[in-house]
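> okay, sequence plus prediction incoming.
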Amino acid sequence: MTHVPSKNFINGAWRDSSTGESFPVTNPANDEVLAHVPSLSSDDVAHVITVADRALSSWRAVPARKRSDILLAISQALLTRIDDFAKLITAEQGKPLAESRGEVLYSANYFRWYSEEAVRVTGDIIPADSPNKRIFVLKEPIGVVGAITPWNFPIAMLARKLGAALAAGCTFIAKPAPETPLSALALAELCHNSGVPAGVFNVITGDAEMIGEHLMRSPVVRKVTFTGSTEVGKILIRQSAETVKKLTLELGGNAPFIVCDDADLEQAVEGAIYGKYRNAGQTCVCVNRFLVHQKIAPAFTARLIARSKELVVGDGSASNTQVGPLISDEAAAKVTRLINTAHNEGATVTLPPTSNPRGIRFISPTVITGVKPSMTIWKEEIFGPVSTITTFATDEEAITLANSTPHGLAAYVYSSNLSRAMKVSEHLEYGMIGINDTAISSVQAPFGGIKESGFGREGGRYGIDDFLVLKYLSVVMP
Ligand code: ADP
């Protein structure tokens, strides 16, 4: 495995907390302590904001081509070290190694994509009303950016924010999740070695609430980009009022997966397996609710159960593992509670979880049928390897069921009739829709949600806009 960081990366160097305080990072598969990382003090955080502010004027002045070259170098360096980073991600997060490799590749692709976007940030010249007047529209970096990221994709969630921000000419302070700060810290050093100047990209750890408040309160931090729960997203919205801070929020989902009666069953079940059990069900775009046409529900359910049973649950570092542990005991307890509550509320646990000698975090793929919109498991984001199945009779009913949630991140529609699938998807209130597809996360596409799943987009040519502000020059030539 790569060097395991035990300090923060600030102003181009490894730093401890001024108080010497730290907290442990453990492997969710076996509780091994991987490292202790700093718990920054309030003064330390204030200092980092000053560092990022000082670095801004020279970084935004670096020619776009040069920033592009640095982003490409980061992408290439990540690919060179794909195995090191994959091992670190699996150690701190638990996902199978193959998925961790996929995450590093995906992250490298974001840096490559934004190396290409960095040189295409162009403004406009707009015809004015009088002959001696000119209107110019410029795009400028928004300034210092704070990023708060979750534990489910320890570097990918950072890469897609950071790539766009560096391309735009912003400086950056990242606060990764306390469960998984190690790969983010390792990325900071890799970026520094790839040419990112000191102070431009800093990674800090410590009390989330305190750091969050600092970032939100600071007039210097002009933007905060967050991926995490809707609950914390709402706190950030409230806090942003004080400084009228720009936010990008990628919050929770409650993804429906509609299977029409003309769907290719094999394709639908394979899509379901990927869309449900990837990262042990711990992604915000993971299927939360299977909505299956009543005509094919028995066949779909039987096939889904058969495939779910085949998945190997275990330590992510073992080469045959397909479903790793959940991130923590609390996360596992929540999923188990949801399964039990569904049963108590009248659903049938058709494929129950099997107990695992490794401990409660290792939850095997579980299938629950007869789920109704009144049930708790329908309303909550499961974030675990549990499939819930609800049947419907008409497309209109499926659409109503799918939309009956305050969330609006990802949705999936399976049908062999593409025009039917298109019609259904036009009525779905979601930011991203996979038609016969659950592999919807692509660097070239805009990732993000509507309703309580947040606002702003990451990825593609759209993702850089969130880190730019428009300035318009109205020029009269005397
Ligand atoms: P999850 O439930 O998936 O852990 P959270 O929204 O709690 O999702 O966490 C996502 C990120 O937000 C993490 O980096 C976490 O430390 C951070 N976080 C948690 N609470 C706050 C807060 N009050 N202010 C700012 N960041 C927070």
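Sure, I can see it.

> can you give me the helices in the stretch 201-350 of the chain?
208-217, 230-240, 265-277, 297-310, 329-344 (DSSP state H, counting those that start in this stretch).

> chain center to the third one, what's the gap?
Same thing as helix 265-277. In terms of CA atoms, centre = their mean, to the nearest Å, the gap separating the centre of helix 265-277 from the centre of its chain is 21 Å.

> over to the longest one?
Here helix 329-344 is found 23 Å from its chain centre; the criterion is CA atoms, centre = their mean.

> before we move on, back to that, mind checking which of the helices of the stretch 201-350 of the chain is nearest the ligand?
When those are compared by CB to the nearest ligand atom, helix 208-217 sits nearest the ligand, at 2.4 Å. Backbone N, C-alpha and C define where each C-beta goes, glycine included.

> for the helices of the stretch 201-350 of the chain, which one ends up most surrounded?
Compared across the helices of the stretch 201-350 of the chain, helix 265-277 shows the largest average neighbour count, a mean of 20 (mean count of other CB atoms under 10 Å).

> could you give the mean pLDDT of that helix?
The average pLDDT within helix 265-277 is 98.

> show me what it is packed up against.
Here helix 265-277 touches strand 255-259, strand 287-293, helix 297-310, strand 410-414, going by 3 or more CB pairs under 8 Å, 6 or more residues apart in numbering; DSSP states H and E.

> the longest one packs against which elements?
Just to be clear, that refers to helix 297-310. Judged by 3+ CB pairs under 8 Å, 6+ apart, the packing partners of helix 297-310 are helix 265-277, strand 287-293, strand 348-351, strand 366-369, strand 386-392.

> and the contacts of the longest one?
What it means is helix 265-277. With contacts defined as CB atoms under 8 Å, 6 or more residues apart in numbering, helix 265-277 is touched by 255, 257, 259, 285-287, 290, 296, 299-300, 303-304, 307-308, 311, 322-323, 365, 385, 387, 412, 414, 434, 436-439.

> need the buried ones from these selected in ChimeraX.
Buried residues within the contacts of helix 265-277, by 16 or more other CB atoms under 10 Å, are selected in ChimeraX with:
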select :255,257,259,285,286,287,290,296,300,303,304,307,308,322,323,365,385,387,412,414,434,436,438
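
> within reach of the ligand, which of the contacts of helix 265-277 are there?
Contacts with the ligand within the contacts of helix 265-277, as defined by CB under 6 Å from any ligand atom: none are present.

> picking up where we left off before, out of the helices of the stretch 201-350 of the chain, nearest to residue 170?
helix 208-217 (13.6 Å; CB to CB).

> let me see the ranges of the strands in the stretch 101-250 of the chain.
124-126, 133-141, 144-148, 171-175, 201-203, 221-227, 246-250 (DSSP state E, counting those that start in this stretch).

> which residues sit in contact with residue 336?
Contacts for residue 336 (CB under 8 Å, 6+ apart) come out as 353, 360, 363.

> what number of residues are in the vicinity of the second one?
Looking back up the chat, that one is residue 360. Using other CB atoms under 10 Å, residue 360 is surrounded by 16 other residues.

> for it, report the pLDDT, please.
Looking at residue 360, its pLDDT is 97.

> please give me every residue in contact with it.
By CB under 8 Å, 6+ apart, the contact set of residue 360 is 329, 332-333, 336.

> out of these, who's near the ligand?
Counting by CB under 6 Å from any ligand atom, nothing from those sits close to the ligand.

> so what's residue 313 bridging to?
Beta-bridge partners recorded for residue 313 (DSSP bridges): residue 323.

> run a quick neighbour tally on it.
Neighbour count for residue 313, taken as other CB under 10 Å: 20.

> return the residues in contact with it.
For residue 313, the contact set (CB under 8 Å, 6+ apart) comprises 321-324, 356, 362-365.

> can you check residue 137 too?
Going by CB under 8 Å, 6+ apart, residue 137 touches 123-126, 470-473.

> which of the residues you listed lies closest to the ligand?
Nearest to the ligand out of those is residue 470 (CB to the nearest ligand atom; 28.1 Å).

> can you tell me the helix or strand for that closest one?
strand 468-476 (DSSP states H and E).
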